[in-house]
Every structure is written in structure tokens, then in C-alpha cells.
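In: need coordinates for the below:
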Amino acid sequence: MVFQMSFGNLINVIAIAIGTGICALNIFQISAGDWLRKEIKRYFQIFFSSVIVYILMHLVRQLLDGVSGSGVRIALYTTTFLEFLASGFMVYLISLLITFAADAKHKKGIGKVLLAVFILQCVLLIAAQFGKFYYDFDAQNTYHRSNLYLLSNLAHVVMMCIDIFILIRYRKNFKKRVAISLWVYLLAPLFAMLLQAFVADVQFIIIATIGGAAFMYTTIMQDQVEQYEQQKAESNRLETELGMASSIQADMLPNIFPAFPDRPEFDVYASMTPAKEVGGDFYDFFLIDETHLGIVMADVSGKGVPAALFMMVSKILVQNYAMITKSPAAALEAVNNQICLNNREEMFVTVWLGILDLQSGKLTSASAGHEYPAVYQPDGDFELVRDKHGLVIGAMEGIRYRDTEITLQPDAKLFLYTDGVPEATDVKNKQYGTDRMIQALREAQQKTPQEILTQVTESVKDFTRGADQFDDITMLCVHYDGPNQE
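Out: Below you'll find the predicted structure:
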């Protein structure tokens with residue numbers, strides 16, 4: 001077997017070697033690019049693999065052309081078939097890229113048409129292998145095109161016409177430089193074919209394919225890098241703003257303990273652990289006057305920044321109306337009516353509002369769909385107090401709420417929480433539940449409010465170990481020590 005290496009073939013070999021190296025380098029770069037979207041990474045990996053197959057098969061056919069020897073004819077037909085197949089697949093991939101990059105209307109339908117054209121091409125190519133009506137090899141194994149050879153490019157022409165239509169029809173959807181790179185890739189082979197007519201030995205079509213593909217890839221990758229940098233900058237900006245929002249939200253809630261060191265009648269401790277950077281839960285406690293303590297526990301619908309904004313408005317309104325009315329039910333009615341006046345997003349908040357008389361221990365409360373509180377009395381254990389529930393705040397204007405009264409004995413404790421506690425889930429999606437919460441409370445009922453919250457927090461963590469936090473977890477505990485004896 002003797003290979004003949006003309007000057008033209010030498011140029012072809014060098015061009016193909018360089019092209020193969022470029023494609024392989026691109027595949028390596030794509031595989032290492034963690035910042036690339038998966039679909040783009042996978043697309044270009046397949047595309048450049050097809051380019052390598054195409055140019056290598058073309059090279060092998062060129063080298064085997066006119067070579068005699070055992071098995072050469074089988075190798076020629078095999079490499080030529082793979083060359084034609086890879087060429088069609090490359091055009092199909094480029095057509096898909098253009099269609100989806102343009103975000104064209106009916107792009108699924110266009111994609112089906114392109115796939116049908118490619119499948120038809122494959123069927124005709126297989127038939128041509130046996131019918132030999134695209135190409136054939138003579139007794140000296142020299143490649144010859146048949147009179148029907150032009151049909152082998154029919155699918156390419158159809159797909160290129162679709163590509164050109166999309167590039168023109170949806171030109172506003174493309175960035176200018178990306179559109180230019182796609183036009184170069186589509187038109188470069190046409191100019192190469194013109195040059196081929198004057199210099200037959202040098203395979204300009206291969207050089208044009210490699211050069212056009214490299215230019216297109218470089219342009220699209222540069223565009224992707226810029227998009228990534230912009231997204232990264234935007235992500236950093238949002239992260240900074242969320243951090244500031246989290247700090248602002250934390251400062252909105254009482255977070256200095258002991259909160260009232262000069263008031264021996266009671267001790268209070270609270271905590272909030274948001275599921276995201278900012279949460280929708282909130283708690284509050286404040287002296288209405290010298291003998292009355294206001295206590296709030298609430299949970300806004302949703303999570304993130306919208307819930308946090310709604311939470312801040314709700315907190316201010318609840319505190320203001322509690323200070324004015326001194327009746328939890330009346331305060332919730334006023335807050336509900338105020339929020340319903342301008343609630344286009346239809347958000348809502350569950351609220352438990354209590355007012356504790358520090359002299360008598362009488363606790364008056366009203367609930368807008370919030371979780372039942374748990375109370376410990378010195379002669380018993382922690383138990384849920386099933387108070388009267390009203391509709392959530394923000395659902396409907398004119399809702400009426402009812403006060404519930406209980407008396408806390410000296411050394412009693414009140415525990416409030418949001419649904420993030422009982423609804424905390426483990427890796428099997430099983431909920432923590434109120435029974436486990438009550439058990440944890442009873443195990444710590446002789447401890448301080450801070451220690452009680454720590455006990456419940458550890459109990460929840462032990463239960464949900466390994467699972468992501470699904471909802472904000474907020475808790476508050478008040479220890480009523482009795483009236484001031486001074």
C-alpha cells in the first residue's frame with residue numbers, strides 16, 4: 001500500500017492536524033468550564049467531536065484515494081460514509097443552535113422539521129452506500145462523484161435556508177457579533193467551494209469549516225463569559241443587599257438580652273432562624289405601660305425579601321395598635337383593616353398577640369390563625385392552650401377577633417412559636433410535630449427562657465439532621481415571676 005503525498009495533500013494534512021488540535025483543545029476547555037451552562041457545554045462537546053470525525057474521515061479518504069491494497073475499498077466506503085454523516089450532523093447542530101438562540105416562535109416545530117430533514121438525509125445516505133448514486137470508486141480506488149451527487153447536499157441546503165431565514169427574521173434577538181459569527185460559519189463553505197474550483201488540490205472546504213467553527217465558538221464563548229461575569233456581579237450585588245436586609249431585619253426585632261433587667265416580674269427570650277437570608281417570621285415584646293407587657297408572634301406567607309418587607313409593615317402596625325387599643329382583638333381588627341386597604345399581592349400573616357398584666361398575671365390574647373401557645377403552670381406541665389382562632393390578617397376586611405383570657409401563676413411560662421417548629425422535616429420528609437415540641441418543653445420546663453429555647457432548638461436539629469431547613473423557625477418564651485413586691 002503506497003500513499004501519494006502531493007503538495008496539496010500536504011497542505012490538507014497540516015490544516016486538518018491544526019484543526020483537529022483546535023477542536024480537541026476546545027472540547028477540553030469546554031469540559032473544564034464549570035461556569036458554562038450544561039446545555040451549551042454538552043452542545044459544543046458534541047459539535048466539535050463531529051467536526052473532528054468529519055475532517056479526519058475526509059483526510060483518510062484523501063490519503064486512500066487511488067491507493068491499492070487489501071481492504072482499501074471497504075475503508076474508503078466506511079470513511080466516506082462517516083464523512084457525509086458527520087457533515088450533515090454538524091449542519092443539523094448549527095441549525096438547532098441558531099433556532100434556540102433566536103428564541104424563535106414555534107421553535108419546537110422548527111426543531112422537528114430539522115430533525116426530519118436530517119433523518120431523511122441519513123436514510124438517503126444509507127441507500128446511496130448500496131446504490132452508489134452519490135459516489136463510487138473505480139478499480140484503482142479513485143473517488144468519483146456520480147451525476148446524483150448534488151442530492152447529497154440537498155439536506156444541507158434546506159437546513160441552511162432555514163438558518164438564513166431565522167437569522168434574518170429574528171435578527172433583533174441576536175447580539176451583533178454572535179450573528180456575524182453564525183453568518184461566517186454558514187457562508188464560509190460557499191466561498192471555499194468557489195476557491196476549490198480554481199485550486200482543486202487544497203481542501204478549502206475543510207479549512208473554511210474549521211476556521212468558521214473556531215470563530216463562531218470563540219465569539220459565543222466570549223459572549224458566555226460576559227454573561228457569566230454580569231450574572232456574577234449581579235449575584236454579588238444581590239448577596240450584599242440581602243446581607244444588609246438581613247441586618248436591618250435583625251435590628252427591627254428585639255435582640256438584646258436580658259431585655260428588661262430592671263423588671264423582676266418577668267424574663268423574656270426570643271430567637272429567629274430564617275430559612276433564607278431574610279425571613280417572614282417575626283416576634284416582638286414591649287411595655288405598653290408600667291404594668292402591661294405586649295407579646296407578639298407572627299408568620300408572614302411566603303419567604304425571602306417580599307415576606308420580610310410585609311413583616312416589617314405588619315410588625316409596626318401590630319405594635320402601634322396594641323399600644324393604642326390595649327385589647328388584642330381590637331388591635332388585630334385594626335391591623336387587618338389597614339393591611340387590606342392596599343394588599344395587591346394578597347399576602348397574609350398569622351399573628352398571636354397577647355397583653356400580660358404584670359400585677360395580676362392575667363394574659364389576654366387574640367389569634368389570627370396562628371399556632372396554639374404552650375403554657376407551663378407551676379402545678380403542672382407544658383400544655384397547648386387551644387385559644388379562639390380568627391382568620392389570618394390580610395385575607396378579608398372587616399374580620400372580627402375574640403379575646404381569650406387565662407391567668408399565669410407566679411413562676412409560669414409562656415412559649416410561642418411559628419409553624420417552622422412543628423413542621424420541620426427530616427430527610428424522609430417526616431415532620432417534627434407538636435408532640436415532640438411539647439416533650440422537649442417539658443424536659444426543660446424548670447429552666448430559664450433562653451435554656452428552654454436552646455433545648456427545643458437542639459431537639460429540632462437532632463430530628464432534622466441532614467435535611468435542609470424548609471421554613472423560618474421562630475420562638476419566644478416568657479417567664480412570669482409574679483408581681484413586683486416592692
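In: for this protein, identify the residue most remote from the centre.
Out: Ala139 (61.3 Å; Cα atoms, centre = their mean).
In: and the pLDDT for it?
Out: Predicted confidence (pLDDT) for Ala139: 79.
In: that one: what secondary structure?
Out: Judged by DSSP: H, G, I helix; E, B strand; the rest coil, the three-state class of Ala139 is coil.
In: gap between Phe260 and Leu441?
Out: Using Cβ to Cβ, to the nearest Å, we find Phe260 at a distance of 23 Å from Leu441. Using the backbone N, CA and C atoms, a C-beta is placed for each residue, glycine as well.
In: of these two, who's got more company?
Out: Set side by side, Phe260 and Leu441 show more neighbours around Leu441, with 26 against 16, by other Cβ atoms under 10 Å.
In: next SSE after the helix or strand hosting that one?
Out: For Leu441, the host element (DSSP states H and E) is helix 433-443. Tracing the chain C-terminally past helix 433-443 and defining elements by DSSP H and E, one meets helix 449-464 next.
In: residues making contact with that following helix?
Out: 257, 267-271, 273, 413, 415, 417, 421, 424-427, 432, 436-437, 439-441, 443-445, 447, 473, 475, 477-479 (Cβ atoms under 8 Å, 6 or more residues apart in numbering).
In: what does stretch 379-388 give?
Out: 365-367, 372-376, 402, 404, 406, 409, 413, 415, 434, 438, 441-442, 445.
In: which elements pack onto the longest helix seen in the chain?
Out: In the chain, taking DSSP state H as the definition, the longest helix is helix 204-252. In terms of contact count using 3 or more Cβ pairs under 8 Å, 6 or more residues apart in numbering; DSSP states H and E, helix 204-252 is assigned the packing partners helix 7-32, helix 38-64, helix 176-198, helix 304-325.
In: next, format those helices as JSON lines and append distance to Ala233, mean neighbour count and mean pLDDT.
Out: Compiled in JSON lines, these are given as follows (distance: least, Cβ to Cβ, whole Å; neighbours: other Cβ atoms under 10 Å; pLDDT from 0 to 100):
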{"stretch": "helix 7-32", "distance to Ala233": "22", "mean neighbour count": "16", "mean pLDDT": "64"}
{"stretch": "helix 38-64", "distance to Ala233": "20", "mean neighbour count": "19", "mean pLDDT": "78"}
{"stretch": "helix 176-198", "distance to Ala233": "21", "mean neighbour count": "16", "mean pLDDT": "78"}
{"stretch": "helix 304-325", "distance to Ala233": "19", "mean neighbour count": "19", "mean pLDDT": "88"}
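In: possible to save those as TSV with distance to Ile295?
Out: Output for these, formatted as TSV (distance: least, Cβ to Cβ, whole Å):
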stretch	distance to Ile295
helix 7-32	57
helix 38-64	50
helix 176-198	60
helix 304-325	9
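In: and of these, who's closest to Ser247?
Out: Ranking these by distance to Ser247, with Cβ to Cβ as the measure, places helix 304-325 first at 11.5 Å.
In: now the closest one: how far from the chain's centre is it?
Out: Centre-to-centre, helix 304-325 and its host chain are 30 Å apart (Cα atoms, centre = their mean, to the nearest Å).
In: and that helix, what does it pack against?
Out: By 3+ Cβ pairs under 8 Å, 6+ apart, helix 304-325 packs against helix 204-252, strand 281-289, strand 292-300, helix 328-340, strand 349-357.
In: quick one, the second one and helix 304-325 angle?
Out: Same thing as strand 281-289. Strand 281-289 and helix 304-325 meet at an angle of 20 degrees, taking axes from the mean of the first three to the mean of the last three Cα atoms, to 10 degrees as the criterion.
In: tell me the average confidence for strand 281-289?
Out: 94.
In: what comes into contact with it?
Out: 252-254, 259-260, 268, 270, 272, 274, 293-300, 311, 314-315, 318-319, 322-323, 326, 355, 416, 418, 420, 472-476, 478.
In: give me that answer again for 7 Å
Out: 253-254, 259, 268, 270, 272, 293-299, 311, 315, 319, 322-323, 326, 355, 418, 420, 472, 474, 476 (Cβ atoms under 7 Å, 6 or more residues apart in numbering).
In: and stretch 263-279, by the same measure?
Out: Taking Cβ under 7 Å, 6+ apart as the rule, stretch 263-279 contacts 242-243, 245-246, 249, 253-254, 257-259, 281, 283, 285, 293, 303-305, 307-308, 358, 448-450, 453, 469-484.
In: still on that earlier bit, which of the helices and strands packed on helix 304-325 has the lowest average pLDDT?
Out: helix 204-252 (a mean of 75).
In: may I have the helix or strand that it is followed by as PDB, with CA atoms only?
Out: Using DSSP H and E, the helix or strand that follows helix 204-252 towards the C-terminus is strand 266-273. Only the C-alpha atoms of strand 266-273 are listed here, as PDB (Å, rounded to 0.1, in the frame of the first residue of the first chain):
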ATOM      1  CA  PHE A 266     -40.700  38.700  84.200                       C
ATOM      2  CA  ASP A 267     -37.900  37.400  81.900                       C
ATOM      3  CA  VAL A 268     -38.200  37.000  78.200                       C
ATOM      4  CA  TYR A 269     -36.000  35.500  75.400                       C
ATOM      5  CA  ALA A 270     -36.600  35.000  71.700                       C
ATOM      6  CA  SER A 271     -34.900  33.800  68.600                       C
ATOM      7  CA  MET A 272     -35.500  33.700  64.800                       C
ATOM      8  CA  THR A 273     -33.600  31.400  62.400                       C
END
